[in-house]
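Trainee: Sharing a sequence plus its predicted fold:
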Amino acid sequence: MRSSGRPDCGTTAGMAEHHISAIGDDGSVWLDHDVAARVLSTVPLADLRLALINHTPVLVCGDPPIVIGVIRGQATVPPGRQVVEAARELVLRCGAGSISIAADGTVQIRGSDIRSSARRLQRITGAQVKIN
């Protein structure tokens, strides 16, 4: 959230899925429950009209709402190995838990409870290992 109390469009927490209920002759967009929305200039009007006809969801953020894109297809998991890269830091966050990987090689795992298990051997190695 920004200090104004409005959702931040730069985070997934400030985004939501909606459906378009109408598009005015002037290009104005109305979302479900008759909420007027602004539209980013990068979202073509033709795509919005198709989303209305096909009842395809759109991605919305902000207050007042801003349509930032049309959601196409479903997320699928590609087969094989997946690599996610970041130049400075990669953070996976869910609620109070997070995993941070920094460019210098530092990995931090944070959470209310952290569990680790292995069906076979579990090895902890390092130049120094501190427990408690």
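Mentor: That came in fine, so what should we check first?
Trainee: For stretch 84-102, give the mean pLDDT please.
Mentor: What stretch 84-102 shows for mean pLDDT is 89.
Trainee: That one: end-to-end distance?
Mentor: In stretch 84-102, first residue to last residue: 13 Å (CA to CA, to the nearest Å).
Trainee: how about it: buried residues?
Mentor: Buried positions in stretch 84-102, judged by neighbour count with 16 or more other CB atoms under 10 Å: I101. Where C-beta positions appear, they are placed from N, C-alpha and C, glycine not excepted.
Trainee: Which elements pack onto the least confident helix or strand in the chain by mean pLDDT?
Mentor: Within the chain, no helix or strand scores below strand 35-39, which has a mean of 82 by mean pLDDT, DSSP states H and E. When contacts are defined as 3 or more CB pairs under 8 Å, 6 or more residues apart in numbering; DSSP states H and E, strand 35-39 sits against strand 29-31, strand 66-70.
Trainee: Deepest-packed of these, please.
Mentor: strand 29-31 (a mean of 20; mean count of other CB atoms under 10 Å).
Trainee: Pull up the pairing partners for that one, direction included.
Mentor: Strand 29-31 has the following sheet partners, assigned by DSSP bridges: strand 20-23 (antiparallel), strand 35-39 (antiparallel).
Trainee: V84: what's its closest spatial neighbour, skipping adjacent residues?
Mentor: Spatially, and ignoring its direct neighbours in sequence, V84 is nearest to L90 (6.4 Å; CB to CB, 6 or more residues apart in numbering).
Trainee: The one you found reaches V83, doesn't it?
Mentor: No. With contacts counted by CB atoms under 8 Å, L90 stays clear of V83, the gap being 10.8 Å.
Trainee: Which one of the strands paired with strand 29-31 lies nearest to I131?
Mentor: strand 35-39 (53.2 Å; CB to CB).
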